[in-house]
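Student: Make a model of this:
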Amino acid sequence: MRKKIFISVIPIICIALLYGGRHVFLNHFYDDSYITYRFVQNFVANKGLVFNQGEYANSASAFTYTMLLAFFYDIGITNIELTSIVVSLLSVSGIAILLYFSIKKLTNSNLLAYFFSLMIPLHGLISGWALSGMETLFFSFLVLAFIYQYLFQKKNDAFLLITTLVLILLIRTEGIILLGVWGLSELYSVFIERKKSILQLVSKSLVYFVILASFYYFQAMYYGSLTTNAFEFKQIATYYQPNPFYIMLVWGGTSLILSLLAAYSLLIKRNAKTLFIGVYVAISFLALFIGPYSDGARYSVHLLPLVSILASVGFKRFIDSNNLKFIFITLLLITAQTIFSTFFVRHYVLAHRKGQECRREIGKYLSINLSENDYVLAGDIGMISYSAPNVKFIDLGGLTSSDVLTQYQNKQTIDKIILKKRPKLLADTFYNNDNRLSHPILENEVEFIRGMHTYTELPFKDTFDDIEFKCDDGSRTYAVVNLKDIYN
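Tutor: Numbering: from 1, shown residues only. All right, here's what the predicted structure looks like:
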């Protein structure tokens, strides 16, 4: 019991020391988390699982996570920002504990189990995303919890396994990869090893099929689409096109030694456990390479604990060989990359703090000065909209506005939507050039959507001087601009 407490508490204490201070913990650096928070607000207020009341856009993609936050909000814990941080920090603790016992059972080495269970939670990919407010670490914990229960427990609890995998499938689309690898493993156990019955496999598969079919049927009926707006937008936005080099750069700079040790481990020890994890990690990385770009390699975070489990096997081989010099150098390099990643991400988080404070102030301004029937045009749709819960937004990115997304998919501007809904204000991020605001998208001819050069052809340039409110973070200006002139 003391061991579990020690392993779970140390990472939280270290993260608290790294990011201590209310202005960091409650001003998340990742703006998208506030889209989920706004869905939570509207759902608990009986306005529907929507971003704008009456508009059905499938934007809260992490369904399990959204429902978890909504549960706490509904029972009176209304500080969603703090709740999400607590969930993430508890997930870090869970990851640390499961890492310890997984590595201990795989290598029978207390030293390696302690080292990785205390080192990996402090890695920038985990410690940094602990303050994002996103579902990233909750998803990572669920994936590790399923793999630990499935591979490292002598006696599986069928109900717990099914429940965990269902939660994974409903939180992210790529949960289907874990389901597929599980299916391959079960088929091997049934037809090759003859350890399990075909009836068990069919019954479990049927449960997953029914739940997934029901979930996607609900999405199709409720939102009119099987996939999320974010996924569809990323298929047409040039910014989100596949970028395998970026993934390799992030992992090479922060986890190269771990990755090499993991590959070595698969060469020297291929058993049911290492093969399952290796196949899952390989397919997941392949999906990342051909899938949309992700900020900060967010969609690969859940793979770090699994790579470290594999790496421990190769590391154990070197320990057994008593090559002290090599052991010391390897420990040093892993520690150095971890520290680098931790402080690199910390710098990134702190650099975005002021910007989030500005967005919150803009949202408060909108909330005070607009009615619930007024529309605001915005590209930074997270914190601003969360701080103005009764104001409706037209999302320049189409993430929360299905009509905008449809226009982009048809290679059309959103001018007719603007002229129909007549947003009163533009609340967004600007560059400040020679004391004049310029919008990085509305004034740029760069192809942001494949086949399109602008989001709109309306004369926004003439309106950027009509500023009602602005806040500067040192590199960018966040402003509220009156749009009345474009309707003249």
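Student: Okay, strands next: where are they in the stretch 151-300 of the chain?
Tutor: In the stretch 151-300 of the chain, no strands are defined using DSSP state E, counting those that start in this stretch.
Student: Shouldn't residue 317 be within a helix?
Tutor: Yes - counting by DSSP: H, G, I helix; E, B strand; the rest coil, one finds residue 317 located in a helix.
Student: Isn't it up against residue 267?
Tutor: No - using CB atoms under 8 Å, residue 317 is not in contact with residue 267, being 10.2 Å away. Where C-beta positions appear, they are placed from N, C-alpha and C, glycine not excepted.
Student: Mind checking which of the two has more residues around it?
Tutor: Neighbours were counted for residue 317 and for residue 267 using other CB atoms under 10 Å; residue 317 has more, 15 against 8.
Student: Skipping its backbone neighbours, what lies nearest the more buried one in space?
Tutor: Setting aside the residues directly before and after it, residue 317 is nearest to residue 268 in space (CB to CB, 6 or more residues apart in numbering), at 6.0 Å.
Student: Find the least confident helix or strand in the chain, judged by mean pLDDT.
Tutor: Lowest by mean pLDDT, DSSP states H and E among the helices and strands of the chain is helix 22-25, with a mean of 66.
Student: Low-confidence stretches in the stretch 251-400 of the chain?
Tutor: Nowhere does the stretch 251-400 of the chain drop to pLDDT under 70.
Student: mind listing the helices for it?
Tutor: Ranges of helices in the stretch 251-400 of the chain, per DSSP state H, counting those that start in this stretch, are 272-290, 303-320, 324-351, 353-369, 383-386.
Student: so residue 426 makes contact with residue 484?
Tutor: No - with contacts counted by CB under 8 Å, residue 426 stays clear of residue 484, the gap being 11.0 Å.
Student: between those two, which one's more packed in?
Tutor: residue 426 (27 against 11).
Student: and that one, what does it touch?
Tutor: Counting by CB atoms under 8 Å, 6 or more residues apart in numbering, residue 426 makes contact with 376, 377, 378, 439, 460, 463, 480, 481, 483.
Student: where does residue 412 land in three-state SS?
Tutor: Three-state call for residue 412 (three-state DSSP): coil.
Student: before we move on, could you check phi and psi at residue 228?
Tutor: phi -80, psi 160 (degrees, to the nearest 10).
Student: How about the contacts made by residue 256?
Tutor: Residues in contact with residue 256 (CB under 8 Å, 6+ apart) are residue 337.
Student: distance of it from residue 327?
Tutor: Distance, residue 256 to residue 327, by CB to CB, to the nearest Å: 18 Å.
Student: again, but for residue 446
Tutor: Distance, residue 446 to residue 327, by CB to CB: 50 Å.
Student: More neighbours: which of these two?
Tutor: Of the pair residue 446 and residue 327, residue 327 is the one with more neighbours under other CB under 10 Å, namely 14 against 10.
Student: ok, back up a step: out of the contacts of residue 426, which is nearest to residue 131?
Tutor: Nearest to residue 131 among the contacts of residue 426 is residue 378, at 23.4 Å by CB to CB.
Student: Beta-bridge partners for that closest one, please?
Tutor: Residue 378 forms beta bridges with residue 395, as assigned by DSSP bridges.
Student: burial of it, as a residue count?
Tutor: Other residues near residue 378 number 29, with proximity taken as other CB under 10 Å.
Student: domain parsing for the chain?
Tutor: Using automatic domain parsing, the domain parsing of the chain gives 2-30+61-349, 353-487.
Student: So which residue is dead centre in this protein?
Tutor: The chain has residue 136 as the residue nearest its centroid, 4.2 Å off, counting by CA atoms, centre = their mean.
Student: Look up how far residue 315 lies from residue 187.
Tutor: Taking CB to CB, one finds residue 187 at 31 Å from residue 315.
Student: the helices in the stretch 51-200 of the chain, which residues?
Tutor: With helices called from DSSP H, counting those that start in this stretch, the stretch 51-200 of the chain shows them at 63-74, 80-107, 110-119, 124-127, 136-147, 158-171, 175-191, 198-223.
Student: Tell me which of those helices sits most buried.
Tutor: Of all these, helix 124-127 has the most neighbours on average by mean count of other CB atoms under 10 Å, namely a mean of 27.
Student: Take that helix, keep the C-alpha atoms, and write them as CSV.
Tutor: C-alpha atoms of helix 124-127 as CSV (Å, rounded to 0.1, in the frame of the first residue of the first chain):
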residue,chain,number,x,y,z
GLY,A,124,6.8,16.3,-21.3
LEU,A,125,4.3,14.3,-23.4
ILE,A,126,2.5,13.4,-20.2
SER,A,127,3.3,16.1,-17.6
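Student: which residues sit against that helix?
Tutor: Residues outside helix 124-127 that contact it (CB under 8 Å, 6+ apart): 11, 14-15, 18, 92, 95, 120-121, 137, 140, 250, 254-255, 296-297, 300-301, 304, 338, 340-346.
Student: Please apply the same query to stretch 59-79.
Tutor: Applying CB under 8 Å, 6+ apart, the contact partners of stretch 59-79 are 35-37, 39-41, 43-44, 49, 51, 80, 83-84, 87, 134-135, 138-139, 167-168, 170-173, 215, 228-231, 399-400.
Student: now do stretch 109-118
Tutor: Residues outside stretch 109-118 that contact it (CB under 8 Å, 6+ apart): 7, 10-11, 96-97, 99-101, 103-104, 107, 308-309, 311-312, 315-316, 319, 331.
Student: For that stretch, what does the pLDDT average out to?
Tutor: For stretch 109-118, the mean per-residue pLDDT is 94.
Student: chain center to that stretch, what's the gap?
Tutor: For stretch 109-118, the separation from the chain centroid amounts to 27 Å (computed by CA atoms, centre = their mean, to the nearest Å).
Student: One more: stretch 203-211?
Tutor: Its chain's C-alpha centre and that of stretch 203-211 lie 26 Å apart, by CA atoms, centre = their mean.
Student: And stretch 224-238, by the same measure?
Tutor: Relative to its chain's centre, stretch 224-238 lies at 16 Å (CA atoms, centre = their mean).
Student: Just the buried residues of it, please?
Tutor: 225, 228, 229, 230, 231, 232, 233, 234, 236, 237 (16 or more other CB atoms under 10 Å).
Student: I figured the second one hits residue 58, correct?
Tutor: Which is residue 228. Yes - between residue 228 and residue 58 there is a contact under CB under 8 Å: 4.8 Å.
Student: Leaving out chain neighbours, which residue sits closest to residue 100?
Tutor: The shortest distance from residue 100 to any non-neighbouring residue, by CB to CB, 6+ apart, is to residue 117 (3.8 Å).
Student: now the one you found: how far from residue 231?
Tutor: Separation of residue 117 from residue 231 (CB to CB): 34 Å.
Student: got the contact list for the residue nearest to the residue nearest to the centre of the chain when sequence neighbours are not counted?
Tutor: Leaving aside its chain neighbours, residue 136 sits nearest to residue 129 (4.5 Å; criterion: CB to CB, 6+ apart). Contacts of residue 129 were listed using CB under 8 Å, 6+ apart, and they are 30, 88, 136, 137, 296, 298, 301, 345.
Student: Out of the residues you listed, the closest to residue 382 would be?
Tutor: residue 30 (8.0 Å).
Student: Using the three-state scheme, assign the closest one.
Tutor: Look at residue 30: counting by three-state DSSP, its state is coil.
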